[in-house]
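In: sequence? don't have it. structure:
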């Protein structure tokens, strides 16, 4: 029986070896934290390391051929890929990572190619329902790292960001991070039961709040820019009945006062109105009725005189107190027919000139802000739409939505020196129906949103409409920023604005 004693140490050794092997297997699926960055939570790490950050896919050796999307740790995930962000914290429904791993279209969008991708040499099972739900729940809860950190959450009072409001059926505002250019949050707006379209988005001068307007929606929405959440809304129905055509609810562009306490908002109806609103109390304090298709608006330095474009016609409105004065943009009699069709309007930083996009004449009209005389007409590309202005360089940026520039592309951006009124450059890139544009002078960038409306074949999500995208450029060089990425986004990105102007 003594022969059994030598077997005991051998049994212990075998147990020890098995334990080491088991421990080693567990270690392989655990993501090590990057310096100061944390790591994936354990259940998410297992999925990422066994289904995503693998050879030939999104690991260090292969990610350059996989949309440059590196998924080996939490930090790299939030650097995005060639098409921008794939995970937006708190927004599982808008995180495209889930679209590519979803085998069940009944629970969400499903894109091809389905991942992980099997090859002739390697078969990898798709994500199970439990694995998909793990990722979806994690993203819904903010996609935190193992320490609970949420991406883009630091410095909420001072973080520079831009808002991009979507038209058509998206009913969302996408929040862009200025340091990376990535989509970092989603703000749902509107009412999913109605056919409203996002239209206007403006930040208060101090960057504390933003305001959003929609077509076919009776409310003006107020957003706290520290939390990116709606904090108040104003029902405009009663004021619209008093000053405009009851029930139109075509709320378009707006302008906010330098102190942030007031804004003027246009109702783009056949005979609509402009409303002056106290943003502190969210009440209407004044209004101008019976305006022909009022769309865009700007104001003088003291915010007591306003200039509004008549979307269909050859004139602007000048509004002061209760006074309404037309300003003719050509030498023809005042008309509400489609002539100049002024779309957007913006004031020069010194408040001496008005710039107006005339979409039917393919030009920018320059108007003296005091005498109301047309000083110049600057030819630009087809169907000029939105404008944005820089204060660090004398540049006015104009999107021309229908400019036939490149094969497989449509639209351009004109850069005009607003002091000399000369064209600095025409940016010809892979745009398709560019509409929204915004300037980030603080970080030296400007963004252009391609609505891709009825355009290029592209992944479709909401309403089955092809998605759009946005591009970023440096103001100083007018060259692409962020390694020339084209940031894919959802359908019909329409208008943009940036939080801190300087």
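Out: Nice, thanks for sending it over. Predicted, not measured: the structure shown is a model, and the values here were computed from it.
In: and for the strand or helix carrying residue 415, what are the contacting residues?
Out: Applying DSSP states H and E as the criterion places residue 415 in strand 412-417. Contact with strand 412-417 is made by 364, 378, 380-381, 384, 394-400, 403, 405, 422-429, 431, 434, 437, 448, 478, as judged by CB atoms under 8 Å, 6 or more residues apart in numbering. Yep, even glycine has a C-beta here, placed from its N, CA and C like the rest.
In: Give me the mean pLDDT for whatever helix or strand comes next after that strand.
Out: Going down the chain from strand 412-417, the next helix or strand is strand 423-427, by DSSP H and E. Averaged across strand 423-427, pLDDT comes to 98.
In: ok and strand 423-427 relative to strand 412-417, angle-wise?
Out: 160 degrees (axes from the mean of the first three to the mean of the last three CA atoms, to 10 degrees).
In: mind listing what's buried in strand 423-427?
Out: 423-424, 427 (16 or more other CB atoms under 10 Å).
In: and what of stretch 112-122?
Out: Across stretch 112-122, burial judged by 16+ other CB under 10 Å covers 115-116.
In: Show me how far that stretch is from its chain's centre.
Out: 32 Å (CA atoms, centre = their mean, to the nearest Å).
In: ditto for stretch 96-113
Out: Relative to where its chain is centred, stretch 96-113 has its mean C-alpha point 22 Å off (CA atoms, centre = their mean).
In: now swap in stretch 374-392 and tell me
Out: 22 Å.
In: what's the closest non-adjacent residue to residue 258?
Out: residue 205 (5.7 Å; CB to CB, 6 or more residues apart in numbering).
In: Over to residue 446?
Out: Per CB to CB, 6+ apart, closest to residue 446 is residue 439, 4.7 Å.
In: what does the helix or strand where that neighbour lies rub up against?
Out: Here residue 439 sits within strand 434-440, counting by DSSP H and E. Here strand 434-440 makes contact (CB under 8 Å, 6+ apart) with 160, 162, 164-165, 178, 385-390, 397-401, 411-413, 445-451, 470, 475, 493-498.
In: Now list the buried members of those.
Out: Applying 16+ other CB under 10 Å to the contacts of strand 434-440 flags 160, 162, 164-165, 178, 385-390, 397-401, 411-413, 445-451, 470, 475, 493-498 as buried.
In: domain ranges for this protein?
Out: Listed domain ranges for the chain are 19-140, 161-498 (source: automatic domain parsing).
In: mean pLDDT for the ones you listed: which is lowest?
Out: domain 19-140 (a mean of 84).
In: That one: how far from the chain's middle?
Out: Distance of domain 19-140 from its chain centroid, counting by CA atoms, centre = their mean, is 25 Å.
In: follow-up on the earlier one: could you export the buried residues of strand 423-427 as CSV, including distance to residue 98?
Out: Shown next, in CSV, are the buried residues of strand 423-427 (distance: CB to CB, whole Å):
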residue, distance to residue 98
423, 44
424, 42
427, 34
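In: element containing residue 138, please.
Out: helix 129-140.
In: Could you pull out the buried residues of that helix?
Out: For helix 129-140, a neighbour-count test (16+ other CB under 10 Å) marks 131-132, 134-136, 138-139 as buried.
In: State the pair within those residues that is farthest apart.
Out: 131 and 139 (13.1 Å; CB to CB).
In: Give the next helix or strand downstream of the helix or strand harbouring residue 199.
Out: Assigned by DSSP H and E, residue 199 belongs to strand 197-203. Using DSSP H and E, the helix or strand that follows strand 197-203 towards the C-terminus is strand 209-215.
In: Counting by contacts, list what that next one packs against.
Out: strand 161-166, strand 197-203, strand 219-224, strand 251-256 (3 or more CB pairs under 8 Å, 6 or more residues apart in numbering; DSSP states H and E).
In: ok, residues contacting the longest one?
Out: Outside of strand 197-203, the residues that reach it under the criterion CB under 8 Å, 6+ apart are 163-173, 189-190, 209-216, 225, 251-256, 263, 265, 268, 492, 494-499.
In: Filter those residues down to the buried ones.
Out: Buried positions within these, assessed by neighbour count (16+ other CB under 10 Å), are 163-173, 189-190, 209-215, 225, 251-256, 263, 265, 268, 492, 494-499.
In: ok, residue 55 - how many residues close by?
Out: Residues near residue 55, counting by other CB atoms under 10 Å, number 8.
In: Please look at it and residue 61 and confirm they touch.
Out: Yes. Residue 55 lies in contact with residue 61 (CB atoms under 8 Å); the separation is 6.7 Å.
In: before we move on, the earlier item: where strands are concerned, which of the buried ones among the contacts of strand 434-440 count?
Out: 162, 164-165, 385-389, 397-400, 412-413, 445-450, 470, 493-498 (DSSP state E).
In: Find the nearest non-adjacent residue to the most centrally placed residue in the chain, please.
Out: Central residue of the chain (CA atoms, centre = their mean): residue 164, 2.7 Å from the mean position. The shortest distance from residue 164 to any non-neighbouring residue, by CB to CB, 6+ apart, is to residue 174 (4.5 Å).
In: Show me what the helix or strand where residue 472 lies packs onto, helices and strands only.
Out: If you go by DSSP H and E, residue 472 is part of strand 467-474. Judged by 3+ CB pairs under 8 Å, 6+ apart, strand 467-474 is in contact with strand 445-450, strand 487-491, strand 493-498.
In: what does it rub up against?
Out: 83-84, 164, 176, 181, 427, 429-432, 436, 444-453, 458-461, 479-482, 485-493, 496.
In: That one: how far from the chain's middle?
Out: How far strand 467-474 lies from its chain's middle: 9 Å, per CA atoms, centre = their mean.
In: Pull out the buried residues from it.
Out: 467-473.
In: the inter-axis angle of that strand versus strand 493-498?
Out: Going by the same axes, to 10 degrees, strand 467-474 makes 30 degrees with strand 493-498.
In: could you give the angle of strand 467-474 to strand 161-166?
Out: Using the same axes, to 10 degrees: strand 467-474 against strand 161-166 is 150 degrees.
In: Ends of stretch 105-112, what's the gap?
Out: Separation of the first and last residues of stretch 105-112 by CA to CA, to the nearest Å is 12 Å.
In: in that stretch, what's buried?
Out: residue 109.
In: Endpoints of stretch 355-375, how far apart?
Out: By CA to CA, the extent of stretch 355-375 from end to end equals 10 Å.
In: related to what we said a few turns ago, just send the helices and strands packed on strand 209-215 back as CSV, with distance to residue 329 too.
Out: Listed next are the helices and strands packed on strand 209-215 as CSV, based on distance: least, CB to CB, whole Å:
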stretch, distance to residue 329
strand 161-166, 28
strand 197-203, 22
strand 219-224, 29
strand 251-256, 18
